[in-house]
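1. here's my sequence, what's the structure:
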Amino acid sequence: MSDVSASSGARQDAGVIGLVSLAHGTSHFFHLMLPPLFPRLMAEFSLSYTDVGLLMTTFFVISGVGQALAGFVVDRIGAHRVLVFGLGALTLSGIVLGLSTSYAMLLMTAAIAGTGNSIFHPADFTLLNRRVDRPRLGHAFSVHGLSGNLGWASAPVFMAGIASVAGWHAAGFAAAGVGATVLAVVWHRRRLLTHAIGEVVVAAAPRDEPAAPVRPFAFLTSGAVWLSFVFFLVTTMAFGILQNYAPAILSEVYGVSLVVASGGLTAYLLGSGAGMVAGGFVAEGGDRVVASALAFAALVAGLLASGAMPALALWPVMAAMGFGVGMASPGRDLLVRRAATSRFGRGSFGRVYGFVYSGLDTGQALSPLLFGPLLDAGRFRQALVAVALLQTAGIVATLRVGSHVRAAAPRATAHPGPDDGARGPQLP
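-> Have a look, this model is predicted:
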């Protein structure tokens, strides 16, 4: 490949990564559209914590079920169209929030936002896997994950800030403006994501694709796919404990103020972002890198659970745990790719990623239900033990997925195709 062609390919890959990551960050922004407004909504509509908690349960249940189904739609009609739909639904949820005059409308807001959120992982990963050259995929997954963290970080400040100045209705409309702006950008640059749609008509099928058509639900017979689902379930449950309760846990276990304890969660998220960047350079290491990074995070969680850390060390230690979890992220996404292509080919990206990532939403929905009662009973230290145990379960699942993928590798390596390094035929 000439230097000019390589440069052009790199620019195109950067454009695809940036566009998809922008959309992904927007989806994470809408994860936290409602929670910063809970105090105002509770006062406005006389709601309990259970009532506002049901809003997020609605969001994640619909997102989880929808995510498993959205993968089939992505494989059928194309990832770009589905991505546009998702951004449109998120924008609509902000409008409904701005117009809300009852709890029922808030539930409708959560349901619409959950529907919009459901499409992003199958659509995003299909686009990245089919549009980005194989050597850059680790970095693509790294940026994609980092953009999600940035979306989470920006939403509370944005929503609470606007609500404090202009009210929560205005904050809802402002969130809709964020969604509409990103939708306009994605639509304006749609050729970047759809330019190769005609190539499949004339291109030969890659030699590492299945020789016969794969049944739509065949992936459900794969142990690697189910283990990947379990991985996302347990690691997200661990994250859910920290995301929902870290300030309370650290405050109780170490006797620090809620401000200091909340800073520990911020340190975790910043460490996770740094880990994602670093993980892009070692993602090709596969299950062993993912397992090693999670093992480090589990050890740190166990250290925190001991209660023996000095309070001054809380922020660095939380950042270190976040770094381990973040570093595992790009390699984890590559591992799911290998689990998909080892048996089912690239035509299954949408449904495999959709099903596997529904474990993330399931974990988000289950974590408060399972561990909230533990904290109600005053067992704050045991919650940190649970984080370590769940991350350890993720290690076991990762190594088992790697074992399944390596067992399927001889067929793929015996018949190498474009997926082994070249861009190959691409579809949205």
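
2. which residues touch Phe60?
-> Counting by C-beta atoms under 8 Å, 6 or more residues apart in numbering, Phe60 touches 114, 361-362, 364-365. Backbone N, C-alpha and C define where each C-beta goes, glycine included.

3. quick check, nearest of the residues you listed to Val325?
-> Closest approach between the contacts of Phe60 and Val325, by C-beta to C-beta: Gln364, at 14.9 Å.

4. ok, back up a step: of all pairs in the contacts of Phe60, which one is the farthest apart?
-> Longest span within the contacts of Phe60, C-beta to C-beta: Gly114 and Thr362, 12.8 Å.

5. of these two, which one has the most company?
-> Gly114 (28 against 22; other C-beta atoms under 10 Å).

6. okay but the more buried one is in contact with Thr57, surely?
-> No - using C-beta atoms under 8 Å, Gly114 is not in contact with Thr57; the gap is 9.7 Å.

7. give me the distance between the closest residue in space to Tyr353 that isn't next to it in sequence and Val260.
-> Spatially, and ignoring its direct neighbours in sequence, Tyr353 is nearest to Phe125 (4.3 Å; C-beta to C-beta, 6 or more residues apart in numbering). Distance of Phe125 to Val260, computed by C-beta to C-beta, to the nearest Å: 37 Å.

8. neighbour count: these two, which is higher?
-> A count of neighbours by other C-beta under 10 Å puts Phe125 above the other of Phe125 and Val260, at 30 against 17.

9. if we can go back for a sec, could I get the contacts of Phe60 as CSV with pLDDT, secondary structure and distance to Ser21?
-> Supplementary listing: the contacts of Phe60 in CSV, determined by pLDDT from 0 to 100; DSSP: H, G, I helix; E, B strand; the rest coil; distance: C-beta to C-beta, whole Å:
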residue, pLDDT, secondary structure, distance to Ser21
Gly114, 94, helix, 21
Asp361, 81, helix, 20
Thr362, 86, helix, 24
Gln364, 81, helix, 21
Ala365, 80, helix, 25
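
10. closest to Leu92 among those?
-> Gly114 (12.1 Å).

11. quick check: the closest one vs Phe229, distance?
-> Distance from Gly114 to Phe229, by C-beta to C-beta: 19 Å.

12. same deal with Gln364?
-> 14 Å.

13. Ala297 too?
-> With C-beta to C-beta as the criterion, Ala297 and Phe229 are 20 Å apart.

14. who has more neighbours, these two?
-> Neighbours per residue, other C-beta under 10 Å: of Ala297 and Phe229, the larger number sits with Ala297, 31 against 22.

15. so what's the residue count around Arg215?
-> 10.

16. which element is it on?
-> Using DSSP states H and E, Arg215 sits within no helix or strand.

17. how close does it sit to Val336?
-> In terms of C-beta to C-beta, Arg215 sits 20 Å off from Val336.

18. ok, Thr362 next?
-> 16 Å.

19. equivalent analysis for Val401, please.
-> 8 Å.

20. with His169 instead?
-> 40 Å.

21. Ala166 too?
-> Counting by C-beta to C-beta, the gap from Ala166 to Val336 is 42 Å.
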